[in-house]
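Q: 3D, please:
(one chain, ligands or ions: 4)
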Amino acid sequence: MPLFTALTLFLACDQGFVDPSREYGPPVPDAPAKVSRVHVPTSLGAVDTPRRDIHGAPIGVSCATCHAGPGEDAIVVGDNGNPEQMHGTIELLHGGLACDACHEPTDRRLLHLADGAKLEMAEAMQLCAQCHGPQARDYQKGAHGGMTGYWDLRQGERVRNHCVECHAPHSPKPPQVQPAPRAVDRVVFPASETH
Ligand code: HEC
Ligand code: HEC
Ligand code: HEC
Ligand code: HEC
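A: Ligands and ions are numbered 1, 2, ... in the order given. All right, here's what the predicted structure looks like:
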């Protein structure tokens, strides 16, 4: 009989945890770390048109379709080059900056840093970081800007958001929101009073 009990216990223990979620997962193989990459939105390099692709996403036209290097802009669209006709009115609400604080005046496909160094549109984050050091540092450490994918880079890759996915470069201030009414407090208004 004691033998039987011992055997039962032994077998029962071998079944592992009653709650399977408490089991240890398989050991993570010491795989080479996957990359952490920044997603580059299409707005950095193309303007959306009203046309949509099969997924419903707007089809973009590359900046380079119309803009080229100094003095050689490819085409001037119908309206005698009036930017308001092409790009609409751009209202700049960004700390009193001038357009050319960010855009390269001689090549509209590019941005530039304060020292004049030209920057591809896709690298706009360096431009933002130049003036917003604390946020860029927080971003580097993962405390600003969010992420999807894996913390553990051995398991899979991580994708970070680009600054301009959350902050419109021409008007970065988050809009004011209407505060929601407070929740009905069960202590201040006990159920007997509210029902
Ligand atoms: C379909 C053609 C077209 C496309 C695509 C296009 N632009 Fe333009 N853009 C124009 C025209 C036309 C003007 C006005 C004439 C000019 O300044 O060259 C203009 C003007 C501008 C200006 C100057 C605005 C001002 O008020 O001084 C900037 C900056 C600019 N574009 C940037 C871009 C960027 C960045 C992209 C891509 C994200 C882009 N454009 C895509 C046609 C285009
Ligand atoms: C803080 C930097 C910054 C300043 C200042 C700025 N831009 Fe831009 N601009 C950008 C970035 C970055 C983009 C790329 C588009 C995006 O990500 O939304 C852009 C895009 C554009 C485009 C392409 C089409 C569009 O609407 O997205 C035009 C045109 C443009 N800017 C014109 C201007 C004009 C005109 C001014 C001044 C009134 C200006 N920008 C000031 C950073 C700036
Ligand atoms: C040349 C310097 C400069 C560059 C480049 C720049 N900014 Fe700014 N930014 C400013 C200034 C100045 C303010 C205004 C600060 C204030 O009003 O307190 C500001 C304000 C902001 C704010 C806060 C708005 C608010 O009022 O809460 C955000 C968000 C922001 N910028 C994002 C960006 C992003 C994203 C980029 C890159 C596309 C960028 N900035 C590039 C100078 C810059
Ligand atoms: C996932 C969205 C997201 C991304 C990506 C993001 N931010 Fe922000 N950012 C926010 C939100 C939300 C706030 C407002 C939170 C707050 O006030 O604490 C903010 C606030 C800011 C402010 C204003 C801070 C203040 O105290 O007023 C600046 C400047 C800024 N972000 C710059 C950047 C820069 C530069 C990048 C890229 C390196 C970036 N952000 C990427 C969401 C984002």
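Q: where does the closest residue to residue 62 other than its chain neighbours fall, phi/psi-wise?
A: Residue nearest to residue 62 in three dimensions, not counting chain neighbours: residue 46, with 5.0 Å by C-beta to C-beta, 6 or more residues apart in numbering. C-beta: built from backbone N, CA, C; applies to glycine. Taking degrees, to the nearest 10, you get phi -150, psi 150 for the backbone angles of residue 46.
Q: Please report the distance of residue 46 from residue 187.
A: The span separating residue 46 from residue 187 equals 54 Å under the rule C-beta to C-beta, to the nearest Å.
Q: So which of those two has more stuff around it?
A: Under the neighbour definition other C-beta atoms under 10 Å, residue 46 and residue 187 were set side by side, and residue 46 has more, 17 against 5.
Q: wouldn't that one be in contact with residue 61 here?
A: Yes - between residue 46 and residue 61 there is a contact under C-beta atoms under 8 Å: 5.9 Å.
Q: one step back: what does the pLDDT read for the residue nearest to residue 62?
A: Looking at residue 46, its pLDDT is 91.
Q: That one and ligand 2: what is the separation?
A: According to C-beta to the nearest ligand atom, to the nearest Å, residue 46 stands 9 Å off from ligand 2.
Q: what's the answer for residue 159, then?
A: When C-beta to the nearest ligand atom is applied, the distance between residue 159 and ligand 2 equals 17 Å.
Q: And what about that residue, helix, strand or coil?
A: For residue 159, the secondary structure call by DSSP: H, G, I helix; E, B strand; the rest coil comes out as strand.
Q: hey, what's it bridged with?
A: Note on residue 159: beta-bridge partners residue 37, residue 148, judged by DSSP bridges.
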